[in-house]
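Undergrad: Generate a structure from the sequence data that follows.
(one chain, ligands or ions: 3)
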Amino acid sequence: MTEPATTPPRTAPVVARTPEELDRLRPDLGRIALVPTMGALHTGHRSLVAAAREQADAVVVSIFVNPLQFGPNEDYDRYPRTFEADLAICAEDGVDAVFAPPVEVMYPGEQVVTVSPGRMGQVLEGEFRPGFFDGVLTVVNKLFNLVRPDIAVFGQKDAQQLAVVRRMVRDLCMPITVMGAPTVRDSDGLATSSRNVYLGAEERTSALALSRALLSGADASVTGPVGILSAARDVLDEAARATPPVAVDYLALVDAHTFDEVPNDFRGEAVLAVAAWVGKTRLIDNVPLTL
Ligand SMILES: Nc1ncnc2c1ncn2[C@@H]1O[C@H](COP(=O)(O)OP(=O)(O)OP(=O)(O)O)[C@@H](O)[C@H]1O
Ligand SMILES: CC(C)(CO)[C@@H](O)C(=O)[O-]
Ligand code: BAL
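TA: Ligands and ions are numbered 1, 2, ... in the order given. Modelled structure (predicted):
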């Protein structure tokens, strides 16, 4: 008689809440790949974990909703927090350790010294979310110092964040390799994102205009920056008249490394990026393009 198939046991990752708990784990971890997240894990995060596992002996996922990167009128309080479900996903995906510090551990007092990305942090996301990248770089710096990873994996979905983190590592001589992982999308094209849970059914349909616009721009890439932007803008203009409407913060074609807007004769790696509101939800998306 054949034995019934059994699912292999899931080993729950060790959870560290403090730097001391992390220090106790470190000797068992070997080369560490860190995946920094704010939790509410989805298929996008899981792809980063899979990429991280290829690169190191151990994968550490950090889960921390960082107050320093949220503006006063942003969604810090209502940001989805799903710790138990996140742990189950980490167990399923073979994550070795989860670093989930409380706010008081990361910010025991006033944060006087912060890390600023300079002009790269003032455009696009930085223009619409002032202080956002100072908050991101400051917390990423702390996470790097606490976890001390060899490798850190970030998603291309947050392309400007990835570029700014790469630049920080380079400019501050940090001994860490930063890896980018491609954007994961649902079957309808919407980039997976923790904030997608805010979208009602009709809002979600309207939100598909973001990926449609990027695709339309990418298809027009032979016509150069003007053609790319105008093809993407046509889709967004139509979406502005949909119900519910899509309200664009920015649509831009930028150099993938500096995030400067590209001139019409630009040759190299670029990013076509969009940010827009659907109802009370702000979404971002982008596609990498080689011009
Ligand atoms: N769809 C995705 N594909 C690839 N990487 C992703 C995707 N979504 C998020 N990531 C990456 O996961 C990491 C953690 O991101 P975060 O926890 O903020 O998730 P998020 O879904 O981007 O959340 P939010 O809705 O707040 O933007 C970042 O490096 C981010 O770029
Ligand atoms: C990198 C990060 C974890 C820093 O809080 C956050 O910005 C995110 O989840 O992309
Ligand atoms: N995914 C980037 C984190 C943020 O929007 O705050």
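Undergrad: From residue 63, how far off is residue 87?
TA: Per CB to CB, to the nearest Å, residue 87 is found 9 Å from residue 63. All C-beta atoms are positioned from the backbone trio N, CA, C, and that covers glycine.
Undergrad: Which one's more surrounded, these two?
TA: residue 63 (23 against 20; other CB atoms under 10 Å).
Undergrad: For the more buried one, name its beta-bridge partners.
TA: Following DSSP bridges, residue 63 is listed with bridge partners residue 37.
Undergrad: Let me know the pLDDT of the residue nearest the centre of the chain.
TA: In the chain, the centroid-proximal residue (CA atoms, centre = their mean) is residue 158; its distance is 4.3 Å. pLDDT for residue 158: 98.
Undergrad: repeat for the one 10 residues further on
TA: On pLDDT, residue 168 comes in at 98.
Undergrad: burial of it, as a residue count?
TA: Neighbours of residue 168 (other CB under 10 Å): 24.
Undergrad: And residue 101, by the same measure?
TA: As a measure of burial, residue 101 has 20 neighbours, counting by other CB under 10 Å.
Undergrad: ranges for the strands of the stretch 151-291 of the chain?
TA: 151-155, 177-181, 246-255, 269-278, 281-290 (DSSP state E, counting those that start in this stretch).
Undergrad: show me what contacts the spatially closest residue to residue 157 that is not a sequence neighbour?
TA: Leaving aside its sequence neighbours, residue 157 sits nearest to residue 183 (CB to CB, 6 or more residues apart in numbering; 4.4 Å). Listed by CB atoms under 8 Å, 6 or more residues apart in numbering, the contact set of residue 183 reads 44, 155-157, 191, 285-287.
Undergrad: So which bits of the stretch 51-200 of the chain are right by ligand 2?
TA: Counting by CB under 6 Å from any ligand atom, the stretch 51-200 of the chain comes close to ligand 2 at 66, 69, 136, 139-140, 158, 161.
Undergrad: any chance of these in a markdown table, with secondary structure too?
TA: Below are those laid out as a markdown table (DSSP: H, G, I helix; E, B strand; the rest coil):
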| residue | secondary structure |
| --- | --- |
| 66 | coil |
| 69 | helix |
| 136 | helix |
| 139 | helix |
| 140 | helix |
| 158 | helix |
| 161 | helix |
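Undergrad: now those: which count as buried?
TA: Buried members of those, counted by 16 or more other CB atoms under 10 Å: 66, 69, 136, 139-140, 158, 161.
Undergrad: for this structure, which spans come out with low pLDDT?
TA: Flagging of the chain using pLDDT under 70 yields the residue ranges 1-10.
Undergrad: longest helix of it?
TA: helix 201-219 (DSSP state H).
Undergrad: Show me which residues of that one are buried.
TA: Neighbour-count burial for helix 201-219, counted by 16+ other CB under 10 Å, picks out 203-217.
Undergrad: likewise stretch 235-249?
TA: Those would be 235-236, 239, 244, 246, 248-249, for stretch 235-249 by 16+ other CB under 10 Å.
Undergrad: That one and ligand 1, are they touching?
TA: No: Stretch 235-249 is not in contact with ligand 1 by CB under 6 Å from any ligand atom; minimum separation 13.9 Å.
Undergrad: Now residue 123. Its backbone dihedrals?
TA: Here is the backbone geometry of residue 123 (degrees, to the nearest 10): phi -100, psi 170.
Undergrad: And residue 101, by the same measure?
TA: Residue torsions, per degrees, to the nearest 10, at residue 101 are phi -80, psi 150.
Undergrad: Test my guess that it contacts residue 15.
TA: No: counting by CB atoms under 8 Å, residue 101 sits too far from residue 15 to count as a contact (10.4 Å).
Undergrad: what comes into contact with the helix or strand where residue 86 lies?
TA: Assigned by DSSP states H and E, residue 86 belongs to helix 83-92. The contact list for helix 83-92, computed with CB under 8 Å, 6+ apart, reads 10-13, 15, 39-41, 45-46, 49, 61, 63, 98, 100.
Undergrad: repeat for stretch 236-250
TA: Residues from elsewhere that reach stretch 236-250 (CB under 8 Å, 6+ apart): 124, 127-128, 202-203, 206-207, 209-210, 212-213, 251, 273-279, 282.
Undergrad: Please repeat the previous calculation with a cut-off of 6 Å.
TA: For stretch 236-250, the surrounding residues in contact (CB atoms under 6 Å, 6 or more residues apart in numbering) are 124, 128, 202-203, 206, 209, 213, 275-279.
Undergrad: next one: stretch 130-141
TA: 66, 68-69, 114-117, 121, 125-126, 161, 164-165, 168.
Undergrad: What are the buried residues along that stretch?
TA: Neighbour counts using 16+ other CB under 10 Å place 131-141 of stretch 130-141 among the buried residues.
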